[in-house]
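**Q** From the sequence below, what's the structure:
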Amino acid sequence: VAMLKPKALTSVLQQAVTGGVQTVLLFKADGSLMSYVAESERNAQIVSAITSNVWSIYEAHKDTLQAGSGLSLLLECETGRLYITKVAGLLLCVVSNTNVGLGMLKLKANALRACLEEPLSHIAIK
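**A** Prediction:
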């Protein structure tokens, strides 16, 4: 049985929190947090709850949208940007301020996804 090492997971997420990236969350589709790097747990919970709702709406309507692979979603808000992607049945959300380029945000999220996909695929997530 595979064991999830929370400190190691948080350490991997922490690597993306540079250059304007403020928060990285790994959570279930229902919004429950698995791991995060954020200024507070409350902020992490709020962002994961809202993001999981946005993702579920996106998933429900992605066939009517002119979307690519359906693996990611980029949101631009007044105060920041969010890049949401799936990784081994979980959602990964990388949050930055508006100074971070969209390409850099996507690059960091995809690098995290590539790093986490294989280890997390061994863990049953319900």
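**Q** for this protein, what spans make up the helices?
**A** Taking DSSP state H as the test, the helices found in the chain are 6-14, 41-61, 102-120.
**Q** Out of those helices, which gets nearest to residue 82?
**A** Minimum separation from residue 82 across the helices of the chain (Cβ to Cβ) falls at helix 41-61, 6.6 Å. For glycine as for every other residue, the C-beta is placed from the backbone atoms N, C-alpha and C.
**Q** hmm, who's touching the closest one?
**A** By Cβ atoms under 8 Å, 6 or more residues apart in numbering, the list of residues contacting helix 41-61 from outside reads 23, 25, 27-33, 36, 38, 65, 70, 73, 75, 82, 84, 91, 93, 95.
**Q** Now do it: distance to the chain's middle.
**A** Relative to the centre of its chain, helix 41-61 is centred 10 Å away, using Cα atoms, centre = their mean, to the nearest Å.
**Q** and it, which residues are buried?
**A** 44-45, 47-48, 51-52, 54-55, 58 (16 or more other Cβ atoms under 10 Å).
**Q** So for it, mean pLDDT?
**A** For helix 41-61, the mean per-residue pLDDT is 91.
**Q** In PDB, list the C-alpha atoms belonging to that helix.
**A** What follows is helix 41-61, C-alpha atoms only, in PDB (Å, rounded to 0.1, in the frame of the first residue of the first chain):
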ATOM      1  CA  GLU A  41      -5.500  27.500   5.900                       C
ATOM      2  CA  ARG A  42      -8.600  29.600   5.700                       C
ATOM      3  CA  ASN A  43      -7.500  31.100   2.400                       C
ATOM      4  CA  ALA A  44      -6.600  27.700   1.100                       C
ATOM      5  CA  GLN A  45     -10.100  26.300   2.100                       C
ATOM      6  CA  ILE A  46     -11.900  29.300   0.400                       C
ATOM      7  CA  VAL A  47      -9.900  29.000  -2.800                       C
ATOM      8  CA  SER A  48     -10.300  25.200  -3.000                       C
ATOM      9  CA  ALA A  49     -14.100  25.400  -2.400                       C
ATOM     10  CA  ILE A  50     -14.600  28.100  -5.100                       C
ATOM     11  CA  THR A  51     -12.200  26.500  -7.500                       C
ATOM     12  CA  SER A  52     -13.800  23.000  -7.100                       C
ATOM     13  CA  ASN A  53     -17.200  24.600  -8.000                       C
ATOM     14  CA  VAL A  54     -15.800  26.400 -11.000                       C
ATOM     15  CA  TRP A  55     -14.100  23.100 -12.100                       C
ATOM     16  CA  SER A  56     -17.300  21.100 -11.700                       C
ATOM     17  CA  ILE A  57     -19.200  23.600 -13.800                       C
ATOM     18  CA  TYR A  58     -16.500  23.500 -16.400                       C
ATOM     19  CA  GLU A  59     -16.500  19.700 -16.400                       C
ATOM     20  CA  ALA A  60     -20.300  19.600 -16.900                       C
ATOM     21  CA  HIS A  61     -20.200  22.000 -19.900                       C
END
